[in-house]
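> coordinates only, sequence not included:
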């Protein structure tokens, strides 16, 4: 999600989980929000979570790694889906696209 207008058509019928730092200086959180809205409009099931601070992979590494691990394991059928992810996927926009993650 580095550029406005990044393609989303290939995500039709896919489940997409996004985690973004609200204060990210490299990629503004507004870009992932815009991407999430467009992906939903294209037919994807999308949940977008935000974390406090800057770049979530750097500033909140344990939270980011745990989230990524949980999503990958659930996607591979090796673990149940996180309850917060399931709830966010079922929420309408904008609620399901701006879920705070602590």
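Thanks, I have it. The structure presented is a predicted model; accordingly, all values stated were derived computationally and were not measured. Residues are numbered from 1 along each chain as shown.
> the top helix by length along the chain packs against which elements?
In the chain, ranked by residue count with DSSP state H as the criterion, the top helix is helix 61-75. Counting by 3 or more C-beta pairs under 8 Å, 6 or more residues apart in numbering; DSSP states H and E, the packing neighbours recorded for helix 61-75 are strand 15-21, strand 45-51, helix 56-59, helix 83-90. To be clear about C-beta, it is placed using only N, CA and C from the backbone, and glycine gets the same treatment.
> what do you get if the cut-off is 7 Å, keeping everything else the same?
strand 15-21, helix 56-59 (3 or more C-beta pairs under 7 Å, 6 or more residues apart in numbering; DSSP states H and E).
> most tightly packed of those?
strand 15-21 (a mean of 20; mean count of other C-beta atoms under 10 Å).
> got the angle for that one vs helix 83-90?
If you take axes from the mean of the first three to the mean of the last three C-alpha atoms, to 10 degrees, strand 15-21 sits at 110 degrees to helix 83-90.
> show the contacting residues for residue 43.
Contacts for residue 43 (C-beta atoms under 7 Å, 6 or more residues apart in numbering) come out as 12-13.
> going forward, count from 653.
Noted, 653 is the first residue going forward, which turns the last one into residue 695.
> could you report the pLDDT at it?
We have a pLDDT of 97 for residue 695.
> now the nearest residue to residue 732 once chain neighbours are set aside: how far from residue 735?
With sequence-adjacent residues excluded and distances taken as C-beta to C-beta, 6 or more residues apart in numbering, residue 732 is closest to residue 726, at 6.4 Å. Distance from residue 726 to residue 735, counting by C-beta to C-beta, to the nearest Å: 11 Å.
> hmm, back to that, out of the helices and strands packed on helix 713-727, which gets the lowest mean score?
helix 708-711 (a mean of 74).
> show me what that one is packed up against.
strand 667-673, helix 713-727.
> what about the residue nearest to residue 732, how many residues close to it?
By other C-beta atoms under 10 Å, the residues close to residue 726 number 17.
> gap between it and residue 667?
9 Å.
> with residue 674 instead?
23 Å.
> now do residue 748
Going from residue 748 to residue 667 by C-beta to C-beta gives 12 Å.
> great, nothing more from me.
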